[in-house]
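Trainee: based on what follows, work out the 3D shape:
(chains A, B and C)
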Amino acid sequence: MKPSAFVHHAPCSVDEAIAILAEVGHDAKVLAGGQSLIPILNMRLSAPGHLVDINRIGGLDAVEVTPDGVHIGALVRHAQLERHVGAFAHLPLLRQALVNVAHPVIRNRGTTVGSIAHADPSGEMPAVLALTEGYVDVDSSRGTRRVSAADFFLGPLESCLEEDEMATRASFGRFPAGTGTAFAESTRRHGDYALAGVAAAVMVDDGLITSARVSFVSVTPTPGVLDLGQLFAGIAPEDCDWAGAAELAREHVDPDSDIHASAEYRRMLVGVLTARVLAEAAGNATANTAATAGASVNTSGPGV
Amino acid sequence: MGEMTQRDLTQSDLTQAEAEPLLEITLRVNGVMHSASAPARRLLSDFLRHDLRLTGTHVGCEHGVCGACTVLMDGTPMRSCLMFAVTAQDHEITTVEGLAGSVDGTGPLAMSPVQQAFIECHGLQCGFCTPGFLTTITAYLHENSEPTEAEAREAISGNLCRCTGYQNIVRSVLRAAEISRERGVGA
Amino acid sequence: MTTKLFGAPVQRREDPRLVTGNGRYLDDLGQGALAAAFVRSPFAHARILDIDVTAAIEIPGVVAIYTHEDLDGRTGERLPLLIPHPSLTNPMTAYCLAREVVKHVGEAVVMVVATDRYVAEDACERIKVDYEQLPVVVGLEASRAAGKLVHAEAPGNVSAHMVQEVGDTAAAIAAAPHRMTLSLQIERSASMPMEGKGVYARWDSAEQSIRMYSSTQTSTGVRAAVAAKLGMALVKVECIAPDVGGGFGVKILHPWPEEVLIPWAARRLDAEVKWVEDRREHFISSAHERAQLQDVEVGFDDVGRVLGLSVTFWHDNGAYTPYGIIVPIITSTQLLGPYKLGAYRVEFFSMYTNTVMVTPYRGAGRPQGVYAMERTMDAIADYLGLDRTDVRSANFIQVADMPYDHGLLFQDGRPLIYDSGDFPASLAKLKALVGWDDFSAYRAKAELAGRKVGLGIGCYVEGTGVGPYEGGHIQIETSGRVNVSTGLTSQGQGHQTVFAQIVADELGVPIDDVFVTTGDTRRFAYAVGTFASRAAVMSGNAIALAARNVREKALRIAGEALEVDPGDLEIVDGIVRVKGDYESSIALATVAVLSNPLRYAFDESAKAATQFVGTGNADLSRPPVAEGDEPGLEGKDYYSPPRATFANGMHAAIVETDPETAEITILRYCVVHDCGRMINPMIVEGQVHGGVAQGVGGALYERMVYDEAGQLLNASFMDFLMPYATEVPHIETDHLETPSPLNPLGIKGAGEAGTIPVSAVIASAIEDAEGFPITSMPISPDELWNLRRQHAEGIIPDLRRGSRSVGTTTETAQTAPPAPTNPPAPTAPIV
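Mentor: So this is what the prediction gives:
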């Protein structure tokens, strides 16, 4: 299974990269981590005439933590973001989700921005981008534009990126103080694509829930957010009946059937997982009473 | 179907204009610089195996799932079937051939703790998946030198083996950690 | 040093080479060879209208393109039917390159030879083949219905129909106090070794000979087939199996089309040619196995003794039958397991479908047979409200019954006679290991915590070491090096170690002096192959016998040299010495020198053997090489058993099913295994582990999914789910050794044991957890969840015992809090 021939471009700057894309973007793919792209090329499911290999571009591998979020360049590998202490402190959901992305060795090379740009409905990070109301910075010779998560994903494997555009940065929004998060997915084997996955963010203020939102993996064509606030606002987490949320979540999603699981089964999983992660997120919110920019204790991190 | 004539051709002329352009690719593998000409699309796995004749790294699927092709790039395990050799140029690659502790010009190769552990624990049968496990585990033990049994099993859960049922590979991970401690060295 | 190596967990001699990246697998060879690739049919059933290669020829680096029309001589004929059988009335084999019609997705149509594989695939992409699609038959139900035919020559899509019966089964069932029927189903999986197939051939135009390498389980088989197909003398073809990255059965079929085409192309082009199968090719053009539909009717008495058992099954053999009907025959005979039944009738239909063909995969029909028998045993126990082990015990063949003749013919055409085995003892060990009698208490505790757990069991008997023969050759060089060769092959079983252990013990030499070669027709030309758990039994015994021949000769020559009776001599650490008088000794190396009278002294040790330097009282009236003797210290022998020797085993598993998501976790997996005497217990255990892992894969994860058009939907490792380490449980093993009375070493085969009963065991355990019958395997959480719904709606009945907790009050689980995500630690310690 060998890929078709292509012209290899190795730009050393974003400007160079977008200049190349301006010329050959109609028949090109951007290569960052390659963990999704190269299998496709090896199987000849796609045969672009040009590959714009951005791995030489400096300055794209930074993780920046600011008061309003976690910002990552296009060459930040999943593993790098997963281990980033500052990112974990500010937005534990990143690591909670990342440990579910494929296998560690894939995460060593695959990039989070690349995974977002790939827009696979089974991708975990698009769902996190959506839940954190993040955005993507997109560059081309025509300039830079900032696209919100809500507008970035058009359909399964379809992002809003034009042929001559390249995603250079993704920004995950930061949750307000008092928010707890959790992530869970169900797979057939360890490291497989999720049959269904749910990310949750629950905010607790003075012992009562003020916000509860979830996003989904593998069961919607594009990542979206379900706001469950009206169900739980003003209720203490220990008094919440999460089953109601499960029902709403099941109604909200639109899973497909495939050889691994039927749509109905996935829908059932969504309900089960939604209830679980909401409870867990609420529990984490309660534990995170101190909501400063310092390291917060999050009990649903990996290995716990 | 019409009359098919025999298409038994002699070697075609490889004119530069028609043939695929070759790149001069230089790669540091196991501490040694290697150079070879290959097209841009040459996967790192094939470049190592065929252009550099380092056949220790194996190819099981070419879509990143089985892990037999795993090599270390700057000490970090990655799938060589999901990289192009041209992209890997700026990095230091370690393959299974580079894991042994030392090469004695006259005597046998000293085994690294991981290699030694595999031998002691019967961690391989056909040996085809083994290089991918060895590199992965070598890197893992640098990060976590005292894994529990559960951690060891999790650490190897991205590589497929069809022969061993994994049990002895898990034991090999634990034994490798032990050997490292005995030798007072890293994995 | 007199430690016996037979029975010791000797570290493998293969390993230092393999762990340092110095293996030599097929694709490691022939670095300068041309590369072949194939255009394979994208359709499951189609007529080939036209093949247009013009766009491909232009590609630089393309050397040749071939279709069926180019295949001259016998290469253009169909591939051989390797194992004919009177019941196989409508066999069909393929052409090396499709001729006029294709019968499954993946069938080879065009071969491209180019400077490398990348270029060859480019060329394949540009070749345009026009097809006219024809009706497609997928799955046993469609095949049975026979609305469409796979082959016009096979009416009803039946390749073979066979009945075997012992006793009057219909009468026995009718007269039985109780009767029951079951309908069962197993789906397709495949061997799926980590290394695919591969062939590398060199044509020597001066010698007009071929040397080929193939990732095969039978180099002698490939050699013979290739010589026949290429119209060459056998002596002009050599075949070597290099290091092989797993076989598990799929590499026993021969010749694969590529095994013919690559040497043919090498000869045609006067070049080295190599083909290395990629993963997608392996999925769609090698072989699968396991799919069967089974109908069982059983009559039994009040203690569960089977008075009559009638099994009818339909076996999916795919599009072609080159390996004959070995797999369903093995199902038919090995179904009986460790039991003596009153009357037994088995009927099967082997069916064509437009899918990849079916040839043996580890277990080779036994898993399906065991599945039918063990599901039946569980069903009988449920019906009668008896313990599942008590029902099995009531049916066991006892030690006193051995040898036990079932009155059937086995896969080797010989009587199915169990030679030895102690089934009650195996069962007792298994029950102790898994804690069978404590399970009710364990389950009660789990149910209080809202968890669903179940215990399952499966027993099997495995005919191993089938003939016709294997051979061994031993040669001791003047350096003391011992060369051992046998013709069968290795794919990770540690033959270079276990056979060396045998020789080291038999001869009395250090194991480091012993070097074993397998699978090389240049070194040993008579062999059958590695399959059916036969290598240790067949080659192990042949090599032992050969070693005894050499030892006898060595002692005779040493006796003459030392002037003692050979009976007073022993060999220890490569030294032949008089027992009790170690001063009187001679090195085996020197004996080797003496065995070969020379005219010329090549080196110091050769000097000792030249004609003027005789041993003390050389009788000059006798010739240097005595009549009937041969120069050199060599021995050769063969082992050819009258019939197979029967290993056995029993497995038990404790599973947990998630009450909400129906996810299935194996908490414990226990194996009791009897393969007679074990040459290397570490290697035997490794074989069991690997087999269990494949069994778990086949029970819970692996299934070939074809759509109605005959497209294989999961032709990649992403979607064909082989288990990782996280999916395979820790395996607890215990052993029993009932030596085989049939061979000198007393050993039985072990290679397939781990795989055979696993689907039956897991089905048994899930059924026990859920309280309703499980009849179809493999099973996914989605499928289990669906069965639960059907059960709740009354479509699927309860198990007769009703509550899952036998003997306790019910309704404990429903009001309990939801189960934790991670089940508590299992009761057995994790080693």
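
Trainee: okay, and residue B:119 sits in which element?
Mentor: If you go by DSSP states H and E, residue B:119 is part of helix B:113-121.

Trainee: sorry, wrong one. I was asking about residue C:439.
Mentor: For residue C:439, the host element (DSSP H and E) is helix C:439-448.

Trainee: just give me how far that helix sits from the chain centre.
Mentor: With CA atoms, centre = their mean, to the nearest Å as the basis, helix C:439-448 stands 38 Å off its chain's centre.

Trainee: hmm, residue C:64 is touching residue C:264, no?
Mentor: No - using CB atoms under 8 Å, residue C:64 and residue C:264 do not qualify as a contacting pair, with a distance of 11.1 Å. Quick note: C-beta positions are derived from backbone N, CA and C, even for glycine.

Trainee: just the strands in chain B please.
Mentor: Along chain B, the stretches classed as strands by DSSP state E are B:7-8, B:23-29, B:32-38, B:70-73, B:76-79, B:92-94.

Trainee: each with direction, which strands does the fourth one pair with?
Mentor: Each strand that pairs with strand B:70-73, with its direction, by DSSP bridges: strand B:76-79 (antiparallel), strand B:92-94 (antiparallel).

Trainee: winner for burial among the ones you listed?
Mentor: strand B:76-79 (a mean of 27; mean count of other CB atoms under 10 Å in any protein chain shown).

Trainee: now that strand - C-alpha only, CSV.
Mentor: C-alpha atoms of strand B:76-79 as CSV (Å, rounded to 0.1, in the frame of the first residue of the first chain):
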residue,chain,number,x,y,z
THR,B,76,10.1,9.2,21.1
PRO,B,77,8.3,6.2,19.5
MET,B,78,6.5,6.9,16.2
ARG,B,79,5.1,4.8,13.4
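
Trainee: could you list the domains of chain C?
Mentor: C:32-134+C:197-276, C:365-465+C:648-815, C:470-639 (automatic domain parsing).

Trainee: which one, of these, ends up nearest to residue C:15?
Mentor: domain C:470-639 (8.6 Å; CB to CB).

Trainee: end-to-end on the closest one?
Mentor: 6 Å (CA to CA, to the nearest Å).

Trainee: just the mean pLDDT for it, thanks.
Mentor: Averaging pLDDT along domain C:470-639 gives 91.

Trainee: what's the burial count for residue 45?
Mentor: You didn't say which chain, so I picked chain A. 8 (other CB atoms under 10 Å in any protein chain shown).

Trainee: not quite, go with chain C.
Mentor: Residue C:45 has 26 neighbouring residues, counting by other CB under 10 Å.

Trainee: list the contacts of it.
Mentor: Taking CB atoms under 8 Å, 6 or more residues apart in numbering or on different chains, we find residue C:45 in contact with C:101-104, C:133-137, C:150, C:354, C:710.

Trainee: which one of those residues sits closest to chain B?
Mentor: The nearest member of the contacts of residue C:45 to chain B, counting by CB to the nearest CB, is residue C:101 at 11.7 Å.

Trainee: kindly reformat the strands of chain B as TSV containing mean pLDDT.
Mentor: Compiled in TSV, those are given as follows (pLDDT from 0 to 100):
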stretch	mean pLDDT
strand B:7-8	50
strand B:23-29	96
strand B:32-38	96
strand B:70-73	98
strand B:76-79	98
strand B:92-94	97
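
Trainee: among these, which is nearest residue C:630?
Mentor: Once those are compared by CB to CB, strand B:7-8 is nearest, at 47.7 Å.

Trainee: nearest to the spatial middle of chain A, which residue is it?
Mentor: Chain A has residue A:125 as the residue nearest its centroid, 1.2 Å off, counting by CA atoms, centre = their mean.

Trainee: same question for the host helix or strand of that one, mean pLDDT?
Mentor: Assigned by DSSP H and E, residue A:125 falls within helix A:124-131. If you average the pLDDT over helix A:124-131, you get 98.

Trainee: how far away from the center of its chain is stretch C:269-278?
Mentor: 27 Å.

Trainee: that one: end-to-end distance?
Mentor: Stretch C:269-278 has an end-to-end distance of 23 Å (CA to CA).

Trainee: tell me which residues are up against that stretch.
Mentor: A:1, B:8, B:62, C:26-27, C:29-30, C:32-37, C:63-64, C:113, C:117, C:196-203, C:205, C:258, C:261-263, C:265-266, C:285-286.

Trainee: which residues of chain B lie near chain A?
Mentor: B:20, B:23, B:39-41, B:43, B:46, B:62-64, B:67, B:70, B:73, B:76-79, B:81-84, B:86-87, B:90, B:136, B:154-155, B:157-158 (CB under 8 Å from any CB of the partner chain).

Trainee: residue contacts, the nearest residue to residue B:174 once chain neighbours are set aside?
Mentor: Spatial nearest neighbour of residue B:174, chain neighbours left out: residue B:152 (5.6 Å); criterion: CB to CB, 6 or more residues apart in numbering or on different chains. By CB under 8 Å, 6+ apart, residue B:152 lies in contact with B:170, B:173-174.

Trainee: go again using 10 Å as the cut-off
Mentor: For residue B:152, the contact set (CB atoms under 10 Å, 6 or more residues apart in numbering or on different chains) comprises B:137, B:140-141, B:144, B:169-177, C:725.

Trainee: would you mind listing which of these are buried?
Mentor: B:137, B:140-141, B:169-177, C:725 (16 or more other CB atoms under 10 Å in any protein chain shown).

Trainee: of the residues of chain B next to chain A, just the buried ones, ChimeraX syntax please.
Mentor: A single ChimeraX command selects the buried members of the residues of chain B next to chain A (16+ other CB under 10 Å):
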select /B:20,23,39,40,41,43,46,62,63,64,67,70,73,76,77,78,79,81,82,83,84,86,87,136,154,155,157,158
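
Trainee: show me the residues of chain B next to chain A that map onto helices.
Mentor: Judged by DSSP state H, helices contain the following of those: B:46, B:86-87, B:136, B:154-155.

Trainee: one step back: closest one of the contacts of residue B:152 to residue A:114?
Mentor: Nearest member of the contacts of residue B:152 to residue A:114, counting by CB to CB, is residue B:140, at 24.2 Å.

Trainee: strands along the stretch 1-150 of chain C, start to end?
Mentor: All strands of the stretch 1-150 of chain C, identified by DSSP state E, counting those that start in this stretch, fall at C:34-40, C:46-52, C:62-66, C:101-102, C:108-114, C:128-133.

Trainee: same deal with the stretch 1-150 of chain A?
Mentor: A:7-9, A:28-31, A:50-53, A:63-66, A:69-73, A:135-140, A:143-148.

Trainee: need these in CSV with mean pLDDT and distance to chain B, can you?
Mentor: As requested, these are exported to CSV (pLDDT from 0 to 100; distance: least, CB to the nearest CB, whole Å):
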stretch, mean pLDDT, distance to chain B
strand A:7-9, 97, 3
strand A:28-31, 98, 7
strand A:50-53, 98, 6
strand A:63-66, 98, 17
strand A:69-73, 98, 17
strand A:135-140, 98, 21
strand A:143-148, 98, 26
